[in-house]
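> Here is my input, please return the structure:
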Amino acid sequence: MASALTDTQILHIACGISDTSVDAYGNTWVGDSTFIASGSVVRVESQDRRLTAVRCFPIAGASCYSIPVTTPGSSITVAAGFNYGNYDGQNTPPSFKLQIQGGDWFAIKTSMGPDWTNQMTYSDVGSTISVCLEPDDTRRWPFISAIDISPASAINILSPTSSIGST
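Predicted coordinates:
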């Protein structure tokens, strides 16, 4: 089971899932519990097994993943996935904020179906990668379904690259 990003590996994290699985493309997906201690796990409907759960954060303030990197100083590419699945019973997809590597906060506006952020590249990362979520002014609970992290030199063709919002 993968527990850190290496210089040749694409790390696929299925948020809210505790086991390791392999998708239809042969990619290994690991659960997120080794990368974050907070949040609540809620099961949702999805045709895609890696998106059958969300980790939501019903607390004020930022909640952050901390993902080890085996080659500090490298460049990485990150994409985040969100499958609302009506996890909160409100039938209204929330908006919230996402921050990667301590950079700018991005406004995330989710839809009823799966959404992915654009792949974002970060240079000269340290020994960990941080992915943080925080409520916006709507005070709805942020959630996340998947995180893809890869060395910037790798080509990650599995995550859609349509933008779902930024500020």
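> which residues in this protein form strands?
Using DSSP state E, the strands of the chain run over 11-14, 21-22, 28-31, 40-43, 53-56, 63-68, 76-83, 95-100, 105-109, 114-116, 120-122, 128-135, 143-144, 146-151.
> Ok, which of these comes nearest residue 89?
The closest approach between residue 89 and any of these, judged by CB to CB, belongs to strand 40-43 at 9.6 Å. (Glycine included, C-beta is placed from N, CA and C.)
> who touches the closest one?
16, 52, 53, 54, 55, 56, 57, 58, 87, 88, 143 (CB atoms under 8 Å, 6 or more residues apart in numbering).
> And stretch 127-141, how far out from the chain middle?
Centre-to-centre, stretch 127-141 and its host chain are 10 Å apart (CA atoms, centre = their mean, to the nearest Å).
> got the end-to-end distance for that stretch?
Criterion CA to CA, to the nearest Å; first-to-last residue distance in stretch 127-141 is 29 Å.
> Then stretch 11-31?
Start and end residues of stretch 11-31 are separated by 11 Å (CA to CA).
> buried ones in stretch 29-43?
Applying a neighbour-count criterion of 16 or more other CB atoms under 10 Å, one finds 29, 30, 31, 32, 34, 35, 36, 39, 41, 42 buried in stretch 29-43.
> right, and out of the residues you listed, which lies closest to residue 80?
When these are compared for distance to residue 80, the smallest value, 11.8 Å, is given by residue 32; criterion: CB to CB.
> didn't that closest one look like it was pressed against residue 50?
No - shown here, residue 32 and residue 50 do not form a contact pair, counting by CB atoms under 8 Å, at 11.1 Å.
> shared neighbours, those two?
Between them, residue 32 and residue 50 have 14, 17 as joint contacts when contacts are counted by CB under 8 Å, 6+ apart.
> Flag the shaky bits of this structure, pLDDT-wise.
For the chain, residues meeting the criterion pLDDT under 70 lie at 1-8, 154-167.
> quick revisit: please identify the deepest-packed of the strands of the chain.
Across the strands of the chain, the average number of neighbours (mean count of other CB atoms under 10 Å) peaks for strand 143-144, which reaches a mean of 28.
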